[in-house]
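1. below is the sequence, then the predicted model.
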Amino acid sequence: MAITGSSMVSCLGDLDATFDALVAGRSGASPLRLGDPAKLNVTHGYSIDADTERSYRAGAVKSAVGVASTHSAAGAAGTAGTVSTVSTADACDADGAYGIGEDVRLAGRWVATAIAKALAESGVDPDTSRVSVIVGTGLRELRAVEQWHGDAAALRLAQLHFNEAVRSVAPGVTEVHTLANACAASGYALALAADLLDLGEADAVVVAGCDTMTESMLTMIGRVGTTTAETVRPFDADRDGVLLGEGAVAVVLELPTDKPAFGLIRGVGIGCDAYHETAPDPDGIVATMHDAHQRAGIAPGDIDLIVAHGTATALNDPTEATALHQVFGGLPADQAPAVTAIKGAIGHTSGGAALMSVLVACQTMRTGTVPPVTGLRTAIAEAEKLAMVCGAPLAIRPRLAQINAFGFGGVNAVTIVEAVDA
Amino acid sequence: MPEIRKADQRLAVGGWAVHVPGLAATDLPGSPAEPACLPVDAKDVLGRKGLLGKEPSTRLALCAVHRVLGLPPGKLAEPLPYAPGTAVVVASNLGNVETVCTVLDDMRERGGTAVSPMDAPNASSNVIASSLAIRYGFNGPNLAVCSGATAGLDAVRLARLLILGGRAERAVVVGVEPADPIARGLAALRPGSPGELIAGAGVVLLGLPGAWPWDTGIECGPVVRHGASRPAVTPPLADALVGEFYGAAGVVRLAAAAATIAAAPTTEAAADAANSARYTVSCGDADDGWLTVDVSAAADRAASGETAGAAARTAVSAGAAS
């Protein structure tokens, strides 16, 4: 499947800004903007500030009027010409996007912008072709529910999911699914999108992911965590746990044609550990990796790059490193895939995490630069035998990349992406 | 055998159950013979172990699935032979809203240390689907569908996709909503007058023919998407009198329709009528649009003269679809 359009926003900005920060090893963490840190027992997060949001959403106006997208010079930007029937005006309307005030924090605003930009870049017109949309999310619009319950903000129930947000920029799409598959959600959405295209049930599928922070999830992180981290340090011996990140991401997937593509999705494996509500299980993760490899028709030795899930929690990192060693550990050292991870720079963006990692993998393939694991200083013992990219970027040009995403409930999604010759 | 387009292929319904607290089969087809228990009494169906910290929605979903699988109370004595690779698709929008708001209130009033870590899994909206996977060993794809009023039949649609796309041979499809004060308050924010939200769960077992151990002779077709205007459905089901199930409605109605067809009388004339019976089930609202799916006796069953009802009752006596 070809990625013919894409867009994302994290606390660091769009894909180009995010990638630059990753290469520089810069963390986008900042003091928490939401809730009372003393009560939450969490002091930092990777939230999107007003300037970043404004400039990202303003960018959509450009593509809406047919000017080549400013996003991602390394991608397929601008190649769609001036074809753009996506109405982004509503999503960029600073006041009352789909009838709710700016005081209510909605991931839907960001994901609407991301979808508008991705569609404009791809040139896909939902009014003339069958376009399905699958939005993966961890926390849906539960922040809006919190503000409705705790702060007397206005809400309509339909705003808890993303049908209205998507249709505010793409009213002609055939269906909008909201998939709340925790931190693997957009990886799961990619898998279902590939199946829809395979079965001929859609001409194009928009896969998206988005999340805001919620006070309730911050409470849980502060409750079960043992320390107050100021940044996320994946696979680090002195890691302090995970911090939440905000953001949205969207890609347009189509069957491969001669249309320019940012990357190719070779296959997505999905599964469930059926083991524990919050703890990961190496057997389930390994099984999902094998499923992904089989679907992509590849062997572990074919993979050049791994973008790990890498949350910096006590359990994920050793479990993931052990699973990776189990699958890739038999390879000669010169064939071992480079391993990186993005959550040190942009936090755990939950529903969008898998898809953001996919875009970072594509950007890595384009630029020939693998960003280091932001925040990693001394790797945990389990990761010592992996080719972790630490401290400085690595100059290689990967052809095949594996992207890991694991969520609460043991939901696993592993994506295999292939480079497109620029 | 002529090739059937995958988009049109009908799936076998291997079982069904409805679990709406207080309702029996005479109130809503697919329910147990005696009124279904409250979430707090889920131990009556499930046994005592494994319920600590489980929200009402998770308990209702577990009760419905436990019954459709024909299992006695208690943990599994041995692994279910059909569990490996089985997909779980759960439709629910309001399952964890009470937990989210309670955690918020407690943290704001007394600080985060006042919150129980037992609630951590419940803060994640896929907790129902993963709880089903863990309890029964269903390690196939596991989806939490939260797309509003259409969620129930969106779940059926995505289960079909998993099956026809070769990711699973069979899927446990659940629709469930709670009716706590937070959920009811949110449900009141819907357009029109949808009726009072009531707690309940429905489950259907979908699969390729032979994927489930129980041949009920009932099948369902593809999910059809309509616009914002409510499609006419025939014949109407009685659940409108029962209450409003929101995101659970599609699966509850599908289960009730399957139960209605299966319960048809066995006299030859009535059986003919039952075999040609085709229920169209809908869910949706003005905000989210409408979906429908049809459920009927399998075509080959109608041709052979064997009634779907007889087959289903055989399955019932074997312990399934109870």
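-> Arrived safely, thanks for sending. The model shown is predicted, which means the values in this text are computed figures rather than measured ones.
2. ok, for the residue in chain B that chain A sits nearest to, nearest residue in space, not its chain neighbours?
-> For chain B, the residue closest to chain A is B:Ser130, as judged by CB to the nearest CB, at 2.6 Å. In this view, the C-beta of every residue, glycine as well, is placed from N, C-alpha and C. Nearest residue to B:Ser130, sequence neighbours excluded (CB to CB, 6 or more residues apart in numbering or on different chains): A:Gly409, at 2.6 Å.
3. now swap in A:Arg156 and tell me
-> In space, A:Arg156 is closest to B:Leu189, 5.1 Å off (CB to CB, 6+ apart).
4. part of a helix, is that neighbour?
-> No - according to DSSP: H, G, I helix; E, B strand; the rest coil, the state of B:Leu189 is coil, so it is not within a helix.
5. spell out, range by range, the helices that occur in chain B.
-> Secondary structure of chain B by DSSP state H: the helices cover B:43-46, B:56-68, B:97-110, B:127-136, B:151-164, B:181-187, B:249-262, B:268-276, B:299-304, B:308-317.
6. if you average pLDDT over each of those, which is lowest?
-> With a mean of 44, helix B:308-317 has the lowest mean pLDDT of these.
7. on that earlier part again, the residue of chain B closest to chain A reaches A:Gly410, doesn't it?
-> Yes - if you go by CB atoms under 8 Å, B:Ser130 and A:Gly410 touch, sitting 6.1 Å apart.
8. who has more neighbours, the two?
-> B:Ser130 (31 against 28; other CB atoms under 10 Å in any protein chain shown).
9. how near is A:Phe235 to A:Cys11?
-> 21 Å (CB to CB, to the nearest Å).
10. what score does the residue lying closest to A:Val124 once chain neighbours are set aside have for pLDDT?
-> Distances taken as CB to CB, 6+ apart place A:Ala204 nearest to A:Val124, at 4.6 Å, with adjacent residues excluded. pLDDT for A:Ala204: 98.
11. need phi/psi at A:Ala204.
-> Backbone geometry at A:Ala204, expressed as degrees, to the nearest 10, gives phi -150, psi 150.
12. same question for A:Phe262.
-> Dihedral angles for A:Phe262 - degrees, to the nearest 10 - are phi -80, psi -30.
13. again with A:Val9
-> Note on A:Val9: its backbone torsions stand at phi -140, psi 130 [degrees, to the nearest 10].
14. among the helices of chain B, which is nearest A:Glu382?
-> helix B:127-136 (24.6 Å; CB to CB).
15. other residues contacting the closest one?
-> A:272-277, A:408-411, B:50, B:54-55, B:57-58, B:61-62, B:65, B:69, B:76, B:80, B:83, B:86, B:88-90, B:92, B:95-96, B:121, B:124, B:138-139, B:142-144, B:172, B:174, B:176 (CB atoms under 8 Å, 6 or more residues apart in numbering or on different chains).
16. what's the ChimeraX line that selects buried ones from those residues?
-> Remark: buried members of the contacts of helix B:127-136, expressed as a ChimeraX selection using 16 or more other CB atoms under 10 Å in any protein chain shown:
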select /A:272,273,274,275,276,277,408,409,410,411 /B:50,54,55,57,58,61,62,65,69,83,86,88,89,90,92,95,96,121,124,138,139,142,143,144,172,174,176
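17. the contacts of helix B:127-136 in strands, which ones?
-> With DSSP state E as the criterion, strands contain A:272, A:411, B:88-90, B:142-144, B:172, B:174, B:176 from among the contacts of helix B:127-136.
18. right, and A:Pro37 touches A:Thr43 too?
-> Yes - counting by CB under 8 Å, A:Pro37 does reach A:Thr43; the two are 4.6 Å apart.
19. overlap in contacts, these two.
-> Here A:Pro37 and A:Thr43 share the contacting residues A:Pro31, scored by CB under 8 Å, 6+ apart.
20. if we can go back for a sec, my read: the residue nearest to A:Arg156 touches A:Ala154, true?
-> No - using CB under 8 Å as the test, B:Leu189 is too far from A:Ala154 to be in contact (9.0 Å).
21. how about A:Pro234, what does it touch?
-> Contacts of A:Pro234 (CB under 8 Å, 6+ apart): A:308, A:310-312, A:317, A:341, A:343-344, A:373-376.
22. one more: A:Asp211?
-> By CB under 8 Å, 6+ apart, the contact set of A:Asp211 is A:107, A:137-139, A:244-248, A:349-352.
23. show me what it bridges to in the sheet.
-> Bridge pairing for A:Asp211 (DSSP bridges) gives the partners A:Gly247.
24. now the residue nearest to the spatial centre of chain B, nearest residue through space, not along the chain?
-> In chain B, the residue lying closest to the centroid (CA atoms, centre = their mean) is B:Val203, at 2.5 Å. Spatial nearest neighbour of B:Val203, chain neighbours left out: B:Ala64 (4.3 Å); criterion: CB to CB, 6+ apart.
25. the residue nearest to A:Val124 reaches A:Val133, doesn't it?
-> No - using CB under 8 Å, A:Ala204 makes no contact with A:Val133, being 9.7 Å away.
26. out of those two, which sits in the more crowded spot?
-> Relative neighbour count places A:Val133 above the other of A:Ala204 and A:Val133, with 30 against 27, counting by other CB under 10 Å.
27. check which helix or strand the more buried one maps to.
-> Assigned by DSSP states H and E, A:Val133 belongs to strand A:131-137.
28. I'd like the average pLDDT over that strand.
-> Rounded mean pLDDT across strand A:131-137 is 98.
29. for chain B, what's its nearest residue on chain A.
-> For chain A, CB to the nearest CB, closest residue to chain B: A:Gly409, 2.6 Å.
30. contact partners for that residue?
-> Applying CB under 8 Å, 6+ apart to A:Gly409 gives the contacts A:182, A:272, A:277-278, B:121, B:124, B:126-127, B:129-131, B:133-134, B:142.
31. how about CSV for the residues you listed, with distance to B:Gly22 added?
-> Output for these, formatted as CSV (distance: CB to CB, whole Å):
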residue, distance to B:Gly22
A:Ala182, 32
A:Cys272, 32
A:Glu277, 29
A:Thr278, 33
B:Pro121, 28
B:Ser124, 29
B:Asn126, 28
B:Val127, 24
B:Ala129, 25
B:Ser130, 28
B:Ser131, 23
B:Ala133, 28
B:Ile134, 28
B:Asn142, 30
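32. of those, closest to A:Val286?
-> Among the contacts of A:Gly409, A:Cys272 lies closest to A:Val286 (CB to CB), at 13.6 Å.
33. looking at A:Phe235 and A:Cys11, which is more packed in?
-> Using other CB under 10 Å as the criterion, A:Phe235 and A:Cys11 rank with A:Phe235 on top: 31 against 24.
34. the more buried one touches A:Met388, doesn't it?
-> Yes - here A:Phe235 reaches A:Met388: they are 6.3 Å apart, a contact under CB under 8 Å.
35. quickly list what's touching both of the two.
-> A:373, A:376, A:379.
36. by neighbours, which of those wins?
-> Neighbour-wise, the shared contacts of A:Phe235 and A:Met388 (other CB under 10 Å) top out at A:Val373, 31 neighbours.
37. please name the nearest non-neighbouring residue to that one.
-> A:Ala341 (4.9 Å).
38. the one you found contacts A:His309, doesn't it?
-> Yes - taking contacts as CB under 8 Å, A:Ala341 lies within contact range of A:His309: 7.2 Å.
39. and the residue lying closest to A:Ala345 once chain neighbours are set aside, what is it in contact with?
-> Distance criterion CB to CB, 6+ apart; nearest residue to A:Ala345, sequence neighbours excluded, is A:Thr374 at 4.2 Å. Counting by CB under 8 Å, 6+ apart, A:Thr374 touches A:21-22, A:25-27, A:232, A:234, A:342, A:344-345.
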